[in-house]
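Visitor: just the structure for this:
(chains A and B)
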Amino acid sequence: MSLKKFSELFGDLDSINSTNNKIEVLKNYFLSNDPIDNSWAIYLLTGKNNKRFISGRYLKNLFSQIYEYPQWLIDTCYLKVGDSAEVITLLLKNKTNSRKKKLSNISLNALLSETIPALSKLNEEEKNLEIKNLWETLPEDNHLIFNKILTGTFRVGVSIGLITKSISKLINIEEEIISHRLMGDFKPSIDSYEFLINKNINLQELNSKPFPFLLANTIEDKIFKNSINDFQFEWKYDGIRMQLIKRSGNVSLWTRGQELVNESFPELVEKMSHIKDDFVLDGELLVWNFKEQIAFDFSLLQKRINRKSPTRAIQIKYPIIFIAYDLLEINGRDIREIKLENRRIELEKYFSKWQIKTENNISDIFKICDLIFPKDWPDALTYKEKSRENNTEGLIIKKKTSTYSSGRKKGIWWKYKVDPMQLDAVLIYAKGGSGRRAGLYTDYSFALWQDKELIKFASAYSGLTNIEIKELDKWIRKNTIEKFGPVRSLKPEMVFEISFEKIQISKRHKSGIAVRFPRITKWRKDKKINDADSLENAYELMKKIS
Amino acid sequence: MRTKQEDLIRYKDGNLYCEPADIWIDPSKPVKRALITHAHFDHFTFGCEEYISSKETGILLKERVGDNIKITTFEYGEEFKINGINTSFHPSGHILGSSQIKFIFAEEKWLITGDFKLQKDQTCKRYEIVKTDYLISECTFGLPIFKWDDTNKIANDISKWISNSPEKTSLLFCYSLGKAQRLLKEISQTNFQGNIYSHGSIHKINNSYRKLGIDIKDTIKIENKKKIDELKGSLILLPPSLSKGSYLKNFKNIQTAFASGWMSIRALRKRSGYDKGFAISDHADWDGILEVVKKSEAKNVFFHHGDSEALSKYLVEKESINVLLFGK
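Guide: Residues are numbered from 1 along each chain as shown, chains lettered A, B, ... in the order given. The predicted structure is shown next:
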């Protein structure tokens, strides 16, 4: 019903380690609260929201002003606690014994849809007064959540997977359906929650949503024991993974990060809308070198990713292509349960039909991926080694008899990368450079996930172009959480591909691993922080190499 | 900064030393004569020729060091002389028997708080405000982020924590001397009605406390071979040293918690490896330290035990109190 209940939920989730218990707690929460607050809870817990209304620094200054605490004392406390919202929460304890009537039952909805957004419409003085007023009227045990929402730092050990499982248990419907319903945009509302818990499964309702993406695992040795004929081989393109959907005549492009990117690639949307059939394709978007028929480097794709409504000139300079490797739905028929080899037949069949039957030529923007046919595993290895020549990252190996299921189910799709010494990591600290790079933030620290926490694992300062450095520097200045001398801690938002030469156990590092010659090889603007690798991935990598 | 040689109490070899009395306070290595504030292992050492302490601390010390030590004890408030210097013990509220030590020398009063807290504790005497000229205070939790909740609130939280998982065995880790008995007393006054077990080390101290007249519940000494079913829904008090290692394999389906002041910080809680943390401490919080500094009316204050930088700066800037550094 309320912020109070949600604070309790947060406390519970924070102190429960067992996944099953977390699911139980979530289920009970959903059962005992109203739909609108439930939808806000899901919104917060799945990290769909991390809008920052006020910076941690601002909050600390405000506290210092109101309660006459010296700034340095708050900073010293911060060093111990490591989170602005929590420092302020701890300092506020027993401070706000005003006689004001307590807002002990404010609903999550009221807080998140009215009270907090209203802050941004106030001038500074009014805003400060209002925050002070809220501190005084909200019960103490709600302060942490409130401060965390304000500073956009709400995070707790709950994944989309857990939410999916608990809702699935709540209404007794397969996780796949719930996971599908949670794809894409999630606007907190009674409707969005009711849709999520609707016991009637109706494909029509999911029309606007992509299917949960099937993800590939890093290859394991055991696969080489199988017959090579059991697998389909494709090049591993280094582009943006995407579902291209045409339903009821409307085309939508969904990235794996669940973003709708129609506006960035209008020429693709336009061309595909001429196809007569409805469909859902899974594939890769690339900037394509039509002369040599290979992909351009990922850096060119970056010129397109964040640019909405690109001009005709941009479209010509950076020509894109969508390479489909799977067909998931055709004319309203979900074919994910059909075997891959048969889906491939369907894909080829429809592709040739579309090439002939579509009025405008589609082959300058859309094709299906070529297959590779290695004779045996050593031959597959040779293909893999050659993959750099055509600007691919290696091979994707898919079991021919597999169906398209969601999540990282092992043993269905494997990635066999040329250079396995790579991890996608989140930028968490930046330090000013020296010499030629003075005045710019050019020394970066990167982190990997461990149980919803980002653990620093490497520092790197080479690999970005000067233009990228300037762009990142600008971003760093705008997204600093804290400054410690020359170092800034940053809002976790940017993902980079880090390459290195060697990975080994190290007791000196908190992460427990050390890498040699780490360098930035790609700015993954297409990835969200949840897509970054985990320490577990790093350990797997290490095992594989030794 | 000042390093005044004529200071009555100073740091020598990392310990507090009173030269005119030729006596050490809570020394970490064997000396001729040692004043002991309380019986925690980091406040005394084996092998001193003579120990001087409060009555209760004396008894607890004997149990820890052995019956054959030479120990002289005094009641709280009773004045005695060491090398002609007037000395007395006063309750510090930390654990049973814990003392502050007051010296009077050349008409000046010196007070060593020892470890202390102001919060209510049903298992020991409450902190006594003692006026002094020089104050030597501990400052383990010398930052304003540390503010303790009422003890009974924590006890109720613990009780709820256990009752919410009736199918589990709840292991609560806490220091075996003082904290364990305080928790035991408080928890037995909550709604929790299940069995309370304690580890041998804690069980032994529980008995000592009872012998010294502290009314705490008789717990069951935990045996390794207890049947899992019998432990379901009950509470077991264990010393923190057992939290890492194979000891926990004796139990099935457990939840663990640590009772310590540090648990008030989420990052420390997460890093600790326990499922849950209860922020309860036998040391003073920020407000507690400030209160003692002010009420002691000390004109000169020293801090030891803990990071005192922020606290010192705050007292100098905001309260105009003269905070000094020890001459080493």
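
Visitor: ok, residues contacting the strand or helix carrying residue B:72?
Guide: Using DSSP states H and E, residue B:72 falls within strand B:71-74. Identification of contacts with strand B:71-74 by C-beta atoms under 8 Å, 6 or more residues apart in numbering or on different chains yields B:50-55, B:57-58, B:61-62, B:80, B:88-89. C-beta here means a position set from N, CA and C on the backbone, and glycine is covered the same way.

Visitor: buried subset of those, written for ChimeraX?
Guide: Of the contacts of strand B:71-74, the buried ones go into a single ChimeraX selection, burial set by 16 or more other C-beta atoms under 10 Å in any protein chain shown:
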select /B:51,52,53,54,57,58,61,62,88,89
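
Visitor: which two in the contacts of strand B:71-74 are spaced the farthest apart?
Guide: Largest separation among those by C-beta to C-beta: B:62 and B:88, giving 21.6 Å.

Visitor: hang on, residue A:383 in a strand?
Guide: No. Applying DSSP: H, G, I helix; E, B strand; the rest coil, one finds residue A:383 to be helix, outside a strand.

Visitor: neighbours around it, how many?
Guide: Residue A:383 has 17 neighbours, counted by other C-beta atoms under 10 Å in any protein chain shown.

Visitor: would you list every one of the helices in the stretch 151-300 of chain B?
Guide: When secondary structure is read from DSSP state H, counting those that start in this stretch, the stretch 151-300 of chain B shows helices at B:151-163, B:179-187, B:200-211, B:228-231, B:266-272, B:286-295.

Visitor: separation between the residue of the stretch 51-200 of chain B found nearest chain A and residue A:160?
Guide: Nearest residue of the stretch 51-200 of chain B to chain A (C-beta to the nearest C-beta) works out as residue B:145 at 4.0 Å. Per C-beta to C-beta, to the nearest Å, residue B:145 is found 33 Å from residue A:160.

Visitor: swap in residue A:75?
Guide: For residue A:75, the distance to residue A:160 equals 35 Å [C-beta to C-beta].

Visitor: pairing partners for the strand holding residue B:72, with directions?
Guide: strand B:50-54 (parallel) (DSSP bridges).

Visitor: where does the prediction get shaky in the stretch 201-350 of chain A?
Guide: A:202-208 (pLDDT under 70).

Visitor: rerun that using 90 as the cut-off
Guide: Applying pLDDT under 90 to the stretch 201-350 of chain A flags the ranges A:201-213, A:215-224, A:238, A:247-250, A:252, A:254-263, A:292, A:296-309, A:332.

Visitor: mind telling me which residue of it is nearest chain B?
Guide: For the stretch 201-350 of chain A, the residue closest to chain B is residue A:257, as judged by C-beta to the nearest C-beta, at 27.0 Å.

Visitor: check contacts around that residue.
Guide: A:526, A:527, A:528, A:531.

Visitor: mind doing that once more with 10 Å?
Guide: For residue A:257, the contact set (C-beta atoms under 10 Å, 6 or more residues apart in numbering or on different chains) comprises A:213, A:240, A:241, A:495, A:524, A:525, A:526, A:527, A:528, A:529, A:530, A:531.

Visitor: same check, this time on residue B:311
Guide: A:73, A:76, B:137, B:139, B:141-144, B:286, B:289-290, B:293, B:301, B:303, B:323.

Visitor: in space, what's closest to residue A:464 - neighbours in sequence excluded?
Guide: residue A:520 (5.6 Å; C-beta to C-beta, 6 or more residues apart in numbering or on different chains).

Visitor: gap between the one you found and residue A:538?
Guide: Taking C-beta to C-beta, one finds residue A:520 at 16 Å from residue A:538.

Visitor: could you point out the longest helix in chain A?
Guide: Scanning chain A for the longest helix, with DSSP state H as the assignment, gives helix A:340-357.

Visitor: which is the next helix or strand following it?
Guide: strand A:366-368.

Visitor: paired strands for the very next helix or strand once past that following strand, with orientation please.
Guide: On the C-terminal side of strand A:366-368, the closest following helix or strand by DSSP H and E is strand A:371-372. When pairing is defined by DSSP bridges, strand A:371-372 lines up against strand A:231-235 (antiparallel).

Visitor: residue ranges of the helices in the stretch 51-200 of chain A, please?
Guide: A:56-67, A:71-81, A:84-92, A:108-110, A:116-119, A:124-137, A:143-150, A:160-171, A:175-181, A:190-196.

Visitor: return the member of those helices having the minimum mean pLDDT.
Guide: Among the helices of the stretch 51-200 of chain A, helix A:175-181 has the lowest mean pLDDT, at a mean of 79.

Visitor: other SSEs contacting that helix?
Guide: For helix A:175-181, the packing partners by 3 or more C-beta pairs under 10 Å, 6 or more residues apart in numbering or on different chains; DSSP states H and E come out as helix A:160-171, helix A:190-196.

Visitor: show me which positions of the shortest one end up buried.
Guide: Across helix A:190-196, burial judged by 16+ other C-beta under 10 Å covers A:192, A:193, A:196.

Visitor: the longest one too?
Guide: Residues A:160, A:161, A:162, A:163, A:164, A:165, A:166, A:167, A:168, A:169, A:170 are the ones in helix A:160-171 that count as buried (16+ other C-beta under 10 Å).

Visitor: which one of those residues is nearest to residue A:225?
Guide: Nearest to residue A:225 among these is residue A:161, at 30.1 Å by C-beta to C-beta.

Visitor: assess the claim that that closest one and residue A:19 are in contact.
Guide: Yes. With contact taken as C-beta atoms under 10 Å, residue A:161 and residue A:19 are classed as touching, separated by 9.1 Å.
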